[in-house]
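> Show me the folded form of this:
(one chain, ligands or ions: 3)
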Amino acid sequence: MKRFVIVGTQWGDEGKGKITDYLGQNVDVVVRYQGGNNAGHTVVFDDKKHSLHLLPSGILNPNIHNVMANGMVINPKALIEELSKLEHYQLAISDRAHIVLPYHIELDKMNELSKGGSQIGTTHKGIGPSYTDKASRIGMRVSSFVSKERMPKLLKELVDQKNKELEMHKGKTLNYQDILDEYQGYADQMRPFIKDTSLYLNQAIEEDKRILFEGAQGVLLCLDHGTYPYVTSSSPTAASVPLNTGIAPWLVEGAIGVTKAYTTRVGAGAFPSEIDGDLADRIRQVGHEFGTTTGRPRRIGWLDTVVLKHSKRVSGLSYLAITLLDVLSGIDSLKIVTSYELNGEIIDSIPADIEDFKKCKAIYTETPGWSEDITQVKSFEELPDHAKKYIKMIESMVGVPVGIFSVGPDRTQTVIMEDLMKELSK
Ligand code: GDP
Ligand code: IMO
Ligand code: MG
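Ligands and ions are numbered 1, 2, ... in the order given. Sure thing, here's the model as predicted:
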């Protein structure tokens, strides 16, 4: 696997940033292929914690080339802020990615408010409205944004049009000149990084470079394969990599599904394995389950293998990376969802209709937990027997080998299995 994808198998925040950083040490290029700064990827090493939102998680290593590919939506202000914290890095930004402008953020908030009780709970980063404009062919591409000649005219047309929409719905209208003055500065700073990143990546492939494609969000938040409409507006699946980066589908050689040892979800939407009360509070505290982007408390649930099998099918997982295993230490008995009951029938797939998904009742199997602190474990053999059993159960229930497990946020608290190590060094 010289070119592989890191994909979240649940509802996001599985630890993709950590696994990308860890495996990224052995690749030449790290590519973010979708989403925007709705993502929050945490990377911890040398006692420092880094929160990345737009930048690929290889950006902290000055030897790695980083690409923000055409499938992304980029908020220039957020990008420049993120870059300002870094010194030495290598970055290329696709000339075909789309720009998130201030009216997208206003529209995101407005759309949410108008939904009343059925809000999606978006991150308010303007992601949905920006992808909507892309699909409606009224978006602004990076190539236009950095064009000194074309940008002012296009921006004027778009701001005028969007102000009408905002006014109609009693939203906050925006001043064209203010946006132009501020955003021209961001365009100047972005210009040196702009490239045809499809050309760049195809060249890198010809040179036999190792490439890691870093997904944001998770399969269950996918616009097509997620729990629609409680999803984001792009596709995090491995299948979206070729389209969102401009490489041939058969050049992607595998996918590593990052899987939290339990489940979390931020924002609204049905969640069959959700738990509440003291146990959920305990997991939330131990796992620091508060959003990297919005600070919102994450909802907590047991591990759900219906979800994982769905992700395996639609994203083609070669290996699983199990994260936050340490958070489960000290829980007497662990539950794993095996199937759902829907209208008296047992199913082990996810219904398309959200009303049916809401009605799904989780069916569990139970397995004993472990009490030992596992945060210093360096091999599978060192794990307590019940933790080994938990991993083996996941492998056999999902039908995908576990290639990595993680026992703490730090880069050093990661164990890679021999099989995956061999696969990645071929
Ligand atoms: P991402 O969006 O998938 O990159 O995940 P986030 O960074 O939003 O959330 C994962 C959180 O778990 C971060 O705070 C990580 O530092 C933390 N984390 C990752 N792996 C582990 C682990 O194995 N154990 C613990 N305790 N924390 C972890
Ligand atoms: P990472 O990459 C968790 C969720 C939001 C909301 C829904 C739609 O850190 O895993 P959006 O702003 O995208 O229109 O919101 O998707 N969401 C995430 N949840 N992790 C993320 O990213 C998310 N990005 C979006 O909470 O429910
Ligand atoms: Mg996150």
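> got the domain boundaries for this structure?
Here the domain parsing of the chain from automatic domain parsing is 3-75+198-424, 98-192.
> Which among the ones you listed is found nearest to Glu82?
domain 3-75+198-424 (5.4 Å; CB to CB). Backbone N, C-alpha and C define where each C-beta goes, glycine included.
> okay, the domains of the chain, which one's buried deepest?
Among the domains of the chain, ranked by average contacts under mean count of other CB atoms under 10 Å, first place goes to domain 3-75+198-424 (a mean of 20).
> now do the same end-to-end measure for that one.
One end of domain 3-75+198-424 to the other measures 9 Å (CA to CA, to the nearest Å).
> before we move on, the earlier item: compare the domains of the chain and give me the one nearest His88.
Of all the domains of the chain, domain 3-75+198-424 comes closest under CB to CB, at 4.1 Å.
> Return the residues of the stretch 101-250 of the chain in contact with ligand 2.
Residues of the stretch 101-250 of the chain lying near ligand 2 by CB under 6 Å from any ligand atom: 120-123, 125, 127-128, 216-218, 221, 232-233.
> how about 8 Å then?
Where the stretch 101-250 of the chain comes near ligand 2, counting by CB under 8 Å from any ligand atom, the residues are 108, 120-125, 127-128, 215-218, 221, 230-234, 236.
> List the contacts of the residue most central in space within the chain.
Among the residues of the chain, the one closest to the centroid is Ala216, at 2.0 Å (CA atoms, centre = their mean). By CB atoms under 8 Å, 6 or more residues apart in numbering, the residues touching Ala216 are Gly8, Gly12, Lys16, Arg32, Gln34, Gly35, Asn38, Ala39, His41, Ser234, Pro236.
> in which helix or strand would I find it?
Here Ala216 sits in a region with no helix or strand, counting by DSSP states H and E.
> got a list of what the closest residue in space to Arg265 that isn't next to it in sequence touches?
In space, not counting the residues next to it along the chain, Arg265 is nearest to Trp11; the distance is 4.1 Å by CB to CB, 6 or more residues apart in numbering. The contact partners of Trp11, taken as CB under 8 Å, 6+ apart, are Gln217, Gly218, Leu220, Leu221, Thr263, Thr264, Arg265, Val266, Gly269, Phe271.
> For Trp11, what are phi and psi?
Backbone torsions of Trp11, given as degrees, to the nearest 10, read phi -110, psi 40.
> State the distance from it to Asp373.
28 Å (CB to CB, to the nearest Å).
> ditto for Val100
42 Å.
> likewise Lys359?
40 Å.
> Please, where are all the strands along the stretch 201-350 of the chain?
With strands called from DSSP state E, counting those that start in this stretch, the stretch 201-350 of the chain shows them at 211-214, 254-260, 263-265, 274-275, 299-301, 303-304, 319-323, 333-342, 345-347.
> out of those, nearest to ligand 1?
Closest of these to ligand 1 is strand 319-323, at 4.2 Å (criterion: CB to the nearest ligand atom).
> chain center to that closest one: distance?
Chain-centre distance of strand 319-323: 15 Å, with CA atoms, centre = their mean, to the nearest Å.
> Likewise for stretch 219-234?
12 Å.
> can you give me the end-to-end distance of it?
In stretch 219-234, first residue to last residue: 10 Å (CA to CA).
> hmm, who's touching it?
Contacts for stretch 219-234 (CB under 8 Å, 6+ apart): 7-12, 34-35, 38, 71, 73, 120-122, 127-128, 130-132, 216-218, 235-237, 240, 244, 267-270, 307, 310-311, 314-315, 350, 352, 354, 357.
> Could you rerun that using 7 Å?
If you take CB atoms under 7 Å, 6 or more residues apart in numbering as the criterion, stretch 219-234 is touched by 7-12, 34-35, 38, 71, 120, 127-128, 131, 217, 235-237, 267-270, 307, 310-311, 314-315, 354, 357.
> The residues you listed also near ligand 1: which ones?
Gly8, Gly12, Gln217.
> Confirm that the second one sits in a strand.
This points to Gly12. No. Assigned with DSSP: H, G, I helix; E, B strand; the rest coil, Gly12 falls outside any strand and is coil.
> Now do the contacts for it.
Counting by CB under 7 Å, 6+ apart, Gly12 touches Gln217, Gly218, Leu221.
> quick one: low-confidence ranges for the chain?
For the chain, no stretch is flagged by pLDDT under 70.
> hey, which helix is longest across it?
Counting by DSSP state H, the longest helix found in the chain is helix 150-168.
> elements contacting whatever helix or strand comes next after that one?
Using DSSP H and E, the helix or strand that follows helix 150-168 in sequence is helix 176-190. Helices and strands touching helix 176-190, by 3 or more CB pairs under 7 Å, 6 or more residues apart in numbering; DSSP states H and E, are helix 76-84, helix 150-168.
> Contacts for helix 176-190, please.
Identification of contacts with helix 176-190 by CB under 7 Å, 6+ apart yields 76-77, 79-80, 93, 101-102, 145-146, 151-152, 155-156, 159.
> Great, nothing more from me.
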